[in-house]
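J.: dropping a prediction and its sequence here:
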Amino acid sequence: MEFLVAMTTHVPDGTAQAAVEQVRAREAARSGELARDGQLLRLWRPPLKPGEWRTLGLFAAADDDSLEEGLASMPLRVWRSDEVTPLSPHPNDPALAGMTPHQRPRSEFLITMTITVPEGTPAHVVDDTLSREAQRAHELAAHGHLVRLWALAGSPDRRRILGLWRADDAAEMAAIVEALPLYAWMTVESTPLTEHPNDPAHQS
């Protein structure tokens, strides 16, 4: 199973900077171990307000207990709270087709799409739109824009979707999303991501 984990750290007032740096160094080392074990897949920084210390992580684990064991082993957990979102496979996920996205530098985005089909829409229209969406997802994956796609837990009909996307900038990303066949039925929440120093994707 895969999980998206929002990690928020609050360092207690009065903590010496040397102590903070020591914990961060141990966190980096432990992150590397979890990545080598296949438990930590990606790390990003979302947009931060002044004084905020937040990280988004993509983890793999056999179950909730295994995930918690891994999270609890991270040194920053002593100052951190975690919000876990279980992820389910989506049939349009490029990873299921063994597709490897282009690696040229691009900005990354986590985008949540909630699909609400208008009441009374004929079934054949829904089926046709879903088919065109699947084809477009395949094309965007081939061009390196769509990296991963998941159905959010609690959405067995796959009407709430989380995607990891790449584009040159926010304007290009918005244009890609707005051109999706399902866009007229979507509510979209986009989170721009920046590089995290412990991200396994950037480790040598």
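T.: That came through, no problem.
J.: break this structure down into its structural domains.
T.: Domain ranges of the chain: 2-87, 88-194, per automatic domain parsing.
J.: quick one: the strands in the chain?
T.: Listed in chain order, the strands of the chain (DSSP state E) span 2-9, 40-45, 54-60, 80-89, 107-115, 146-152, 160-167, 186-195.
J.: ok, which of these comes nearest residue 125?
T.: With distances scored as CB to CB, the stretch of the strands of the chain nearest to residue 125 is strand 107-115 (13.5 Å). Glycine gets a C-beta too; all of them are placed from N, C-alpha and C.
J.: in the closest one, what's buried?
T.: Of all the residues in strand 107-115, those buried under the rule 16 or more other CB atoms under 10 Å are 107, 108, 109, 110, 111, 112, 113, 115.
J.: nearest to residue 200, out of the domains of the chain?
T.: domain 2-87 (3.7 Å).
J.: now do the end-to-end distance for the closest one.
T.: 5 Å (CA to CA, to the nearest Å).
J.: what's the distance between it and the middle of its chain?
T.: 14 Å (CA atoms, centre = their mean, to the nearest Å).
J.: try stretch 144-156
T.: Taking CA atoms, centre = their mean, one finds the center of stretch 144-156 at 9 Å from the center of the full chain.
J.: tell me which residues of it are tucked away?
T.: 144, 145, 146, 147, 148, 149, 150, 151, 152, 155.
J.: could you dump the residues you listed to CSV with distance to residue 47 and pLDDT?
T.: Shown next, in CSV, are these (distance: CB to CB, whole Å; pLDDT from 0 to 100):
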residue, distance to residue 47, pLDDT
144, 23, 91
145, 21, 94
146, 22, 95
147, 19, 94
148, 20, 95
149, 22, 96
150, 21, 95
151, 25, 92
152, 21, 90
155, 25, 57
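J.: let me know the closest of the buried residues of strand 107-115 to residue 187.
T.: So of the buried residues of strand 107-115, ranked by how close each gets to residue 187 (CB to CB), first place is residue 113, at 7.4 Å.
J.: sorry, back to before: can I get the strands of the chain in CSV with distance to residue 96?
T.: Formatted as CSV, those follow (distance: least, CB to CB, whole Å):
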stretch, distance to residue 96
strand 2-9, 12
strand 40-45, 15
strand 54-60, 15
strand 80-89, 7
strand 107-115, 18
strand 146-152, 9
strand 160-167, 13
strand 186-195, 22
